[in-house]
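[1] The sequence and its predicted three-dimensional model are supplied below.
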Amino acid sequence: METVTPIRDLLFTLLLKVGVASSIAALLARWNTFRRVLFTEERDPDQKLKLMLFMTPALIVGVTLRLVGGPPYAFADLSLEGAFLMGLLGGRVVGPIGGAIITIPALISHEWLAMPAAATAGLLGGLIRQAIPNKEDLWNFGPFTFLNIPKATVKLLRKAELSWEMAPLTTCIALELGRVALVEATKPRWLFAIDAQWNWWLALTVIATLMSVAAPLKIWNNTRIEMNLERHQQLLLKARMDALSSQINPHFLFNTLNTVSALIRFDPDSARGVVLKLSNILRRLLRKHETFVPLREELQFIDDYLDIEVARFGKDNLDIVKHIDDAALEAFVPSMLLQPMVENCLKHGLAPKLGGGKIELRTTNADGRLRIEIADNGVGISEEKMPHVYVEGIGLSNVRERLRVLYGTDFHLDIESRPGEGTVIRIEIPELVATMEEVR
């Protein structure tokens, strides 16, 4: 095995290695197919195959370039780091297979340990992915994760809780040290390492290995965040269009204007109020580029909508009860969050019911969590229909998908219903308090 001994050449080679890893990651992120694979956290076999097909060619070229070009091109070999990344993203099958594929040129050159080492790195990456409860924690691993080692140690000792972003970090260190140990213990050409010497400069090699894994993950995570925001904007636009087509359609306007026409004769002030509330609804629906709004503003929109329904159906037929925690009013929630659920209460819960109905709206804010509950005493949902609510219910499926895009797994959306008694929808999201300019 040939090593790069001068310190200056070693530093230059390691910097080039990190740069090549980052460049390959940025190049792959430009393909829409690869971006969609990154965006989907639970990948099917086809997506795993696409992940492997995208990553292996560049890594094979790197290994080949190192073999053909000699020591000056040692930076191009990212076989161990690439296999570990494929394991982290694709699982314990993609990692070993991808690691074996990218080391075929090294095996042809009689580096007999290259393929087992890369396959082991891929398997370790896949096992880490399998062990982590929340797959989103993988993306917390970054170039400066080592700064969190003291905090993670205290958390482990005091609360017995693991900081899962430490798993890729410690594994990268172990892989590089293991590679150097194997190079020292075997024939020179059985395995490649940039600097297989047990000295202080080995720390630089370990850091370069960490960066060669962490930098692509950070680049791809930024891509995922951009796609999440784009997806949310699409869902928000769809929510507004659904609201415009279902609530603000000719039928709705016709009924509202009929209500105004009837009220003008004996209650002109109420008629004027209905017109103002209708204009508020139209104005709000036509506003653009709002991702989050204060809960106070979202409740005002719901108030306008419900007031029109009360005016249409009469106070005796529709009872609105609100229990609002004042501490929650300034918390920010996704725009158009409550309207689809209130619509479901009216359309599917109370409309089929004979006689009057009631809608209750409750909000609480405690321990950094905002909890919203919408309940009605309508006809409820049968046990047969309950499993299909999120799929067939356009409004609820849209709300759930938007919450997933915005909060990942850090939210709860539950539906509890009893046929003939009513339905309760509960939402729990992280509290977000900020200025309007920060969230729009």
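    Great, that's in hand. Numbers count the residues shown, from 1 in each chain.
[2] confidence score at the nearest residue to residue 67 once chain neighbours are set aside?
    Nearest residue to residue 67 in three dimensions, chain neighbours excluded: residue 109, at 5.3 Å (Cβ to Cβ, 6 or more residues apart in numbering). C-beta: built from backbone N, CA, C; applies to glycine. With respect to pLDDT, residue 109 scores 90.
[3] my guess is residue 109 contacts residue 68, does it?
    No: using Cβ atoms under 8 Å, residue 109 makes no contact with residue 68, being 9.7 Å away.
[4] So the two - more neighbours on which side?
    Per other Cβ atoms under 10 Å, whichever of residue 109 and residue 68 has more neighbours is residue 109, with 17 against 11.
[5] Tell me who's in contact with the closest residue to residue 91 other than its chain neighbours.
    Distances taken as Cβ to Cβ, 6+ apart place residue 126 nearest to residue 91, at 4.7 Å, with adjacent residues excluded. The contact partners of residue 126, by Cβ atoms under 8 Å, 6 or more residues apart in numbering, come to 87, 88, 90, 91, 92, 93, 94, 95, 96.
[6] same thing but at 7 Å, please
    Residues in contact with residue 126, defined by Cβ atoms under 7 Å, 6 or more residues apart in numbering, are 87, 91, 92, 93, 94, 95.
[7] The residues you listed in helices, which ones?
    Members of the contacts of residue 126 lying in helices (criterion: DSSP state H): 87, 94, 95.
[8] for the stretch 151-300 of the chain, what spans make up the strands?
    292-294 (DSSP state E, counting those that start in this stretch).
[9] Tell me where the model's unsure across it.
    188, 237-253, 255, 285-290 (pLDDT under 70).
[10] Show me the helices in it, by range?
    Secondary structure of the stretch 151-300 of the chain by DSSP state H, counting those that start in this stretch: the helices cover 166-185, 202-246, 250-266, 268-285, 295-313.
[11] For the residue nearest to residue 91, what is the enclosing helix or strand?
    Assigning secondary structure by DSSP states H and E places residue 126 in helix 114-131.
[12] Got the domain ranges for this structure?
    Domain segmentation of the chain under automatic domain parsing yields 7-227, 287-439.
[13] Could you say which of the ones you listed is packed most deeply?
    Counting by mean count of other Cβ atoms under 10 Å, domain 7-227 has the highest mean neighbour count of the domains of the chain, with a mean of 19.
[14] these two touch, right, the residue nearest to residue 67 and residue 66?
    No: using Cβ atoms under 7 Å, residue 109 and residue 66 do not qualify as a contacting pair, with a distance of 9.8 Å.
[15] Let's have the ones in helices among the contacts of residue 126 in JSON lines, adding pLDDT and distance to residue 101.
    Formatted as JSON lines, those follow (pLDDT from 0 to 100; distance: Cβ to Cβ, whole Å):
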{"residue": "87", "pLDDT": "92", "distance to residue 101": "13"}
{"residue": "94", "pLDDT": "92", "distance to residue 101": "10"}
{"residue": "95", "pLDDT": "92", "distance to residue 101": "11"}
